[in-house]
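Novice: The following block contains a protein sequence and its predicted model.
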Amino acid sequence: MQRTKIADLLRTEPTGTTVLVKGWVRAFRNNQFIALNDGSTANNLQVVVDFEQTNPELIQRIKFGAAIGARGELVESQGKGQRIELKVEHLEIYGDCNPEEYPLQPKKQTLEFLREQAHLRFRTNTFGAVFRIRHALAFAIHRFFNEQGFVYLHTPIITASDAEGAGEMFRVTTLDPANPPKTEGGAVDFSQDFFGKAANLTVSGQLEAELGAMALGSVYTFGPTFRAENSNTTRHLAEFWMIEPEVAFADLNDNMDLAENMLRYVISYALEHCMDDLKILEERLIEEEKSKPQDQRSEMTLTEKLRFVTESHFERLTYTEAIDILRNSNPNKKGKFQYPIEAWGADLQSEHERYLVEKHFKKPVILTDYPAAIKAFYMRLNDGTEPGKETVRAMDILFPGIGEIVGGSQREERYDVLVSKMEAMHIPTEEMYWYLDTRRFGSCPHAGFGLGFERLILFVTGMTNIRDVIAFPRYPGSAEF
Ligand code: ATP
Ligand code: MN
């Protein structure tokens with residue numbers, strides 16, 4: 001007999017039929033009622049054992065966490081809390097679970113503890129919900145881009161260009177670390193390395209995505225990216241997943257529209273398809289907030305917040321306008337910011353981003369036209385800005401509770417402007433000939449952005465630590481599992 005998934009059973013409720021279900025015991029009450037979960041849904045199936053008819057030794061082995069199979073008839077439930085239940089005719093234990101040794105307990109355990117048990121935490125309600133939602137969001141992202149006619153481009157994970165974020169990359173090498181070949185000057189001789197030159201794990205697929213966009217029109221990447229930055233925050237990972245669309249014949253406004261539409265689309269998708277899981281996380285948050293003082297509790301529940309974002313238009317303003325708001329803000333005047341806003345040109349810190357989103361506008365915000373000096377070389381220089389006050393066509397999308405969720409820009413498509421910018425920023429133009437070729441041959445205005453996938457999941461799940469929305473987080477000092 002084929003097993004039926006619990007999600008399918010609960011969706012159709014085919015009472016009167018005999019089915020086989022397989023899953024893990026979440027609870028066993030009165031030697032009679034098993035709450036069975038098979039991961040296909042947040043909801044458990046009530047499996048009713050007739051203990052007078054069942055071998056007591058078998059009953060003994062029905063423990064929290066054990067893997068079992070149960071065959072029987074689906075009937076309308078007599079009890080409260082569920083409409084249907086399974087009346088067991090045959091029970092089988094696949095894997096016992098000794099409660100004395102099992103690290104998980106059938107009670108609330110802290111996220112910190114569960115992080116140390118990341119190999120087992122999928123089995124909790126919270127993490128089951130998080131990872132089903134993570135999957136749904138990934139699927140929704142692909143669906144969105146597919147509907148919009150984008151080509152999914154797989155950009156390389158190993159790259160030899162150190163154009164971006166030099167010093168923040170993980171080196172990829174097969175040289176003997178204890179005894180690497182040396183050049184005459186005494187430096188490590190990477191010409192003898194696997195690729196014939198120094199190579200790293202990618203920090204972004206953007207530059208390669210641009211190459212694709214210049215022929216395929218609209219492309220996106222969705223893959224892992226790596227940053228060896230020592231940021232021990234709740235919003236940074238050393239290995240995270242990024243979605244990077246790149247569109248030819250698009251300017252910054254098109255780029256903002258694309259990002260906004262995509263975010264609204266995928267959040268709506270979650271609201272439509274993940275309600276059971278969202279409710280679990282919403283209840284978790286409500287519980288958690290009870291221990292906070294009234295004024296620190298959020299005004300909206302999780303699903304209200306998500307709905308609010310799908311219905312609101314993101315506030316768009318320039319960096320310069322944002323600096324004015326921040327400079328005149330109460331926390332700035334009262335010295336409450338850790339990094340006070342003084343002059344134009346300052347990089348915005350997370351505290352400033354969150355002030356704008358959470359206190360001032362109370363909705364998602366898109367900041368544009370940042371000072372050229374604090375942004376990457378490939379961003380398009382705004383025409384007619386004063387010397388010393390040059391700005392670029394950059395955009396950052398800021399979300400409540402998260403801060404920056406998207407960073408993007410219109411790209412500099414003018415060859416001469418790009419080359420002089422690269423020279424000024426000490427980016428090796430010879431090595432980057434392939435990038436510059438797009439500007440030499442059939443260049444055109446184009447734009448794109450990077451969305452940090454885990455930051456999106458943080459927002460949708462209401463989780464607060466990025467290490468809890470990726471299966472096996474990598475961060476400074478930790479690469480467990
Ligand atoms: P931040 O200022 O928050 O460090 P960033 O300016 O370095 O971000 P970008 O280089 O623009 O970010 O990367 C694009 C997106 O990737 C960001 O908007 C964010 O969503 C995500 N991101 C960046 N760094 C990380 C990281 N270390 N872990 C997880 N997501 C990240
Ligand atoms: Mn960063």
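Specialist: The structure has been received and is ready for your questions. Residues are numbered from 1 along each chain as shown. Ligands and ions are numbered 1, 2, ... in the order given.

Novice: Quick check: residues of the chain near ligand 1?
Specialist: 227, 235-237, 240, 242, 404-407, 450, 452, 454-455 (Cβ under 6 Å from any ligand atom). For every residue, glycine as well, the C-beta is placed using N, CA and C.

Novice: Sitting in helices, which of those do you find?
Specialist: 454-455 (DSSP state H).

Novice: And the helices in the stretch 251-400 of the chain?
Specialist: 252-273, 275-289, 302-311, 319-327, 330-333, 350-354 (DSSP state H, counting those that start in this stretch).

Novice: name the helices or strands packed onto the first one?
Specialist: By that I understand helix 252-273. Packing partners of helix 252-273 (3 or more Cβ pairs under 8 Å, 6 or more residues apart in numbering; DSSP states H and E): helix 125-147, strand 239-248, helix 302-311, strand 365-371, strand 391-399, strand 403-410, strand 446-452, helix 453-461.

Novice: Can I get those in CSV including mean pLDDT, mean neighbour count and distance to Met275?
Specialist: Formatted as CSV, the helices and strands packed on helix 252-273 follow (pLDDT from 0 to 100; neighbours: other Cβ atoms under 10 Å; distance: least, Cβ to Cβ, whole Å):
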stretch, mean pLDDT, mean neighbour count, distance to Met275
helix 125-147, 98, 18, 11
strand 239-248, 98, 23, 24
helix 302-311, 96, 17, 8
strand 365-371, 98, 23, 28
strand 391-399, 97, 25, 21
strand 403-410, 97, 23, 23
strand 446-452, 98, 25, 23
helix 453-461, 98, 24, 12
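
Novice: Turn these into CSV, columns for distance to Ala67.
Specialist: Shown next, in CSV, are the helices and strands packed on helix 252-273 (distance: least, Cβ to Cβ, whole Å):
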stretch, distance to Ala67
helix 125-147, 15
strand 239-248, 30
helix 302-311, 31
strand 365-371, 48
strand 391-399, 39
strand 403-410, 38
strand 446-452, 35
helix 453-461, 27
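
Novice: Pull the contacting residues for Arg380.
Specialist: 252, 392-393, 409-413, 445 (Cβ atoms under 8 Å, 6 or more residues apart in numbering).

Novice: Please name the residues that touch the residue lying closest to Asn200 once chain neighbours are set aside.
Specialist: Nearest residue to Asn200, sequence neighbours excluded (Cβ to Cβ, 6 or more residues apart in numbering): Met169, at 3.9 Å. Met169 makes contact with 162, 200-201, 203, 226-228 under the criterion Cβ under 8 Å, 6+ apart.

Novice: Wait, Leu10 touches Ser40, no?
Specialist: No: the criterion here is Cβ atoms under 8 Å, and Leu10 misses it with Ser40 at 9.0 Å.

Novice: Tell me the one among the contacts of Met169 nearest to Lys333.
Specialist: Arg227 (34.9 Å; Cβ to Cβ).

Novice: Could you measure from that closest one over to Leu237?
Specialist: For Arg227, the distance to Leu237 equals 8 Å [Cβ to Cβ, to the nearest Å].

Novice: Have a look at the two and say which one is more surrounded.
Specialist: Leu237 (22 against 19; other Cβ atoms under 10 Å).

Novice: wait, what's in contact with the more buried one?
Specialist: Going by Cβ under 8 Å, 6+ apart, Leu237 touches 454, 466-467, 470, 473-475.

Novice: Put together JSON lines for these, with distance to Arg439 and secondary structure on each row.
Specialist: Formatted as JSON lines, those follow (distance: Cβ to Cβ, whole Å; DSSP: H, G, I helix; E, B strand; the rest coil):
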{"residue": "Glu454", "distance to Arg439": "33", "secondary structure": "helix"}
{"residue": "Ile466", "distance to Arg439": "36", "secondary structure": "helix"}
{"residue": "Arg467", "distance to Arg439": "40", "secondary structure": "helix"}
{"residue": "Ile470", "distance to Arg439": "36", "secondary structure": "coil"}
{"residue": "Pro473", "distance to Arg439": "38", "secondary structure": "coil"}
{"residue": "Arg474", "distance to Arg439": "35", "secondary structure": "coil"}
{"residue": "Tyr475", "distance to Arg439": "37", "secondary structure": "strand"}
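
Novice: Could you tell me which of the residues you listed count as buried?
Specialist: Buried members of those, scored by 16 or more other Cβ atoms under 10 Å, are 454, 466-467, 470, 473-475.

Novice: what's the burial count for Ile93?
Specialist: Neighbours of Ile93 (other Cβ under 10 Å): 17.

Novice: Next: Glu283.
Specialist: Other residues within reach of Glu283, judged by other Cβ under 10 Å, total 13.

Novice: That one and Asn43, how far apart?
Specialist: On the measure of Cβ to Cβ, Glu283 and Asn43 end up 14 Å apart.

Novice: what kind of secondary structure is Val25 in?
Specialist: strand (DSSP: H, G, I helix; E, B strand; the rest coil).
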